[in-house]
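In: got a predicted structure plus its sequence, pasted below:
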Amino acid sequence: MSEEVIRVEHVTKVYGMDGVEVKAVRSLNLAIGKGEFTAIAGPSGSGKTTLLNIMSGLDIPTSGRVMLSGKPISSMRGAELSDFRRDHIGFIFQSYNLIPVLSALENIEYVMLLQGIPPKERRSRVASIMKEVGLEGMEKRKPGQLSGGQQQRVAIARAMVSNPDIILADEPTANLDSTTGAALLDMMRELNEKRGMTFVFSTHDSMIMERAKRLVMMKDGRVDRDETKG
Amino acid sequence: MVIAKIAFRNLFRHRRRSLLTGLMMAGGCLLFSVFIGMVDGSYGLLIDMFTRDHTGHIQIHKKGYLDKPSIYKIIEDPEAVGEKIEVIPSVVSWAPRIYSPALAFAGRKTSGVRVMGVDPAREAETTRLLNKVKAGRFISEEPSDEIVIGERLSRVLKAGTGDEIALIAQGVDGSIANELFTVVGITGQTGSSFGGSTSYINIESARRFLSMPRGAHEIAVILTDQALAISTAKLISQSINLNGDIFDVDPWQVVEKQFYLAMQADIKGNWLTIIVFTIIIAIGVLNTVLMVILERTREFGVLKAIGTRPFQIFMLIILETAFLALLSIVPGAAGGIAANWLLSVYGITLPNPVDWGGFLFDTITAKITVRSILIPVAVIVFSALLVSIPPAIRAACIKPADALRSQ
């Protein structure tokens, strides 16, 4: 395996629901290398979204630890965790989740503004990524003025523009029609190959599973199968 | 900066809700401003009536006179005292006065009176006493046997202008003072402080009547602004008490203590109303902010997920409230200024005048003051920000994973 970006070590996540303990992830181990295009798949309730949340520091494991770019993200809290996510992780959500009051351009440059990147560099990077994801001419449009596919392109651009170590995508094609979804996946795959950027998807979309270079199948909170395609 | 941009734009996401909350804040600011304007205006008018009609802004007496008035407690050389206080920049004018109780006779009628010896020329520069004559005229500037009596005394003695009144009192030298005076004017109306039993004679006539070669019992001082009364009283006291603690120098708040305390109590009562009103506005703002937090839980989760710090989320909520408050107080304060101006020009005439310590108060007026603008603005902004803090902390502490699961 190439250089590791994420290492999940003996991670367990237990939720307390109405007094009943539910183990969403059970003593799971997983490592993701740089430049991988990985799909974490499995039926509903298999723990794939929980795993993705724990890998990104959005959720805290009950036990075990997660190392991201060599840092223990699972033990970070507050502003330190926010800054770490801002600088090392890009997110793509199922429902796009753009900031509704900002234009496409402003949404893409948001993370860079938080990072304090100088305006000239920001503009240059935004222009480049917008061209790359096919959003030229839509800079001033608000999310409400964009189609689902266009909004997800903005979300992809937002996730990639600050050159994070990894992009975590939770069901990114679930709200899109198959043609748009396929086009976006092809685009992400192209970006992965061209830029060497690491992608991890949580999905049960067969299109993603087909295009993924590595497929991690989960079942009952455990890795059921882990296969790398030739 | 980007947080401020988002906060400002968020105001226009739910325009109607922002408008209603803003109107509530603007209305509160306006009413608050009018309240303070009316307090400053109406109480200012009342203080002006009290001080300019008779009391003056400051009074000077021989030590202990106010606590226990006596014809023997005399300011020996009022002119010398006057010369010392005239040099103080805030002093406009002063007037010496002599007081004595007396018995008044007119025909077969008799009544106790308070005789007040005044210097008509100085009194005209100092108070509005001369304007209180409702029938006839005020006493002349030269010493004479002229007397002006109150309306009530006129009724009791059945004496009008041109009638003669005999006064009997005790002279300062222990002799029995008695003299005949001619009524030249009648002051005030029944119920007002000028319609009572005080009778006015020339100060020189009073000295002659009371066998008091010189001096006065009181010096009333008028200042450029009644608000300077306390500080100027201290200055005057320092200036005229160089040779020991001879004189009491009291601002109107001490001289008219009962009126002042009653006024303060009334103002405090009104403040209570304003506090209740502010709480109602604050609850309205809190309701709006809580609704925002509830509706945008997922959005805050996303913002945190992509790297927004908890403090930045906190500031986002605080800034949204701050922007709304600032946008609201502009029309609120402008409305307050306009309303106070209208009230100061036209006032509201009461159908039945209210008796305030012997002064008939018949007009509610207002005054545009710096505090009538700044206090409402500060209170509205501060209370809105204060109630936003708990929801803002709640938003800042949202767990992204939980927030992203919410709808």
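Out: Great, that's in hand.
In: for stretch B:32-48, the averaged confidence score.
Out: The average pLDDT within stretch B:32-48 is 86.
In: give me the contacts around that stretch.
Out: B:226, B:252, B:263, B:267, B:270, B:273-274, B:277-278, B:332-333, B:335-337, B:339-340, B:343-344, B:356, B:359, B:361, B:363-369, B:371-373, B:375-376, B:379-380 (Cβ atoms under 8 Å, 6 or more residues apart in numbering or on different chains). The C-beta positions use only the backbone N, C-alpha and C, and glycine is treated the same way.
In: report all helices and strands that the helix ranked longest in chain B contacts.
Out: For chain B, the helix with the greatest residue count under DSSP state H is helix B:257-295. In this structure, helix B:257-295 packs against helix B:15-38, helix B:44-50, helix B:252-255, helix B:310-346, helix B:370-396, with contacts taken as 3 or more Cβ pairs under 8 Å, 6 or more residues apart in numbering or on different chains; DSSP states H and E.
In: hmm, back to that, now, of the contacts of stretch B:32-48, which are buried?
Out: Among the contacts of stretch B:32-48, the ones that count as buried by 16 or more other Cβ atoms under 10 Å in any protein chain shown are B:226, B:252, B:263, B:274, B:277-278, B:332-333, B:335-337, B:339-340, B:343-344, B:356, B:359, B:361, B:365-369, B:372-373, B:375-376, B:379-380.
In: could I get the full set of helices for chain A?
Out: A:48-56, A:78-88, A:104-115, A:119-132, A:148-160, A:178-195, A:206-211.
In: the stretch 51-200 of chain B now?
Out: With helices called from DSSP state H, counting those that start in this stretch, the stretch 51-200 of chain B shows them at B:78-86, B:120-126, B:151-157.
In: distance check, whatever residue of chain B ends up closest to chain A against A:S124.
Out: Closest approach between chain B and chain A, counting by Cβ to the nearest Cβ: B:G307, at 2.3 Å. Separation of B:G307 from A:S124 (Cβ to Cβ, to the nearest Å): 20 Å.
In: so for the two, which residue has more residues nearby?
Out: B:G307 (24 against 12; other Cβ atoms under 10 Å in any protein chain shown).
In: hmm, that one is touching A:D83, no?
Out: Yes. B:G307 lies in contact with A:D83 (Cβ atoms under 8 Å); the separation is 6.8 Å.
In: how about the residues of chain A near chain B?
Out: Neighbours of chain B within chain A, by Cβ under 8 Å from any Cβ of the partner chain: A:53, A:56, A:58-59, A:78-79, A:82-83, A:85-87, A:91, A:93, A:97, A:99-102, A:106, A:110-111, A:113-115, A:158.
In: pretty sure B:A4 sits in a strand.
Out: No. B:A4 sits outside any strand when classified using DSSP: H, G, I helix; E, B strand; the rest coil, being helix.
In: for it, which non-adjacent residue is spatially closest?
Out: B:L319 (5.6 Å; Cβ to Cβ, 6 or more residues apart in numbering or on different chains).
In: could you pull up the residues touching the one you found?
Out: B:3-4, B:7-8.
In: beta partners for B:A177?
Out: Under DSSP bridges, the beta-bridge partners of B:A177 are B:A169.
In: report all helices and strands that the lengthiest strand in chain B contacts.
Out: If you go by DSSP state E, chain B has its longest strand at strand B:91-106. Packing contacts for strand B:91-106, counted by 3+ Cβ pairs under 8 Å, 6+ apart, involve helix B:78-86, strand B:109-118, helix B:120-126, helix B:151-157, strand B:164-170, helix B:203-209, strand B:218-223.
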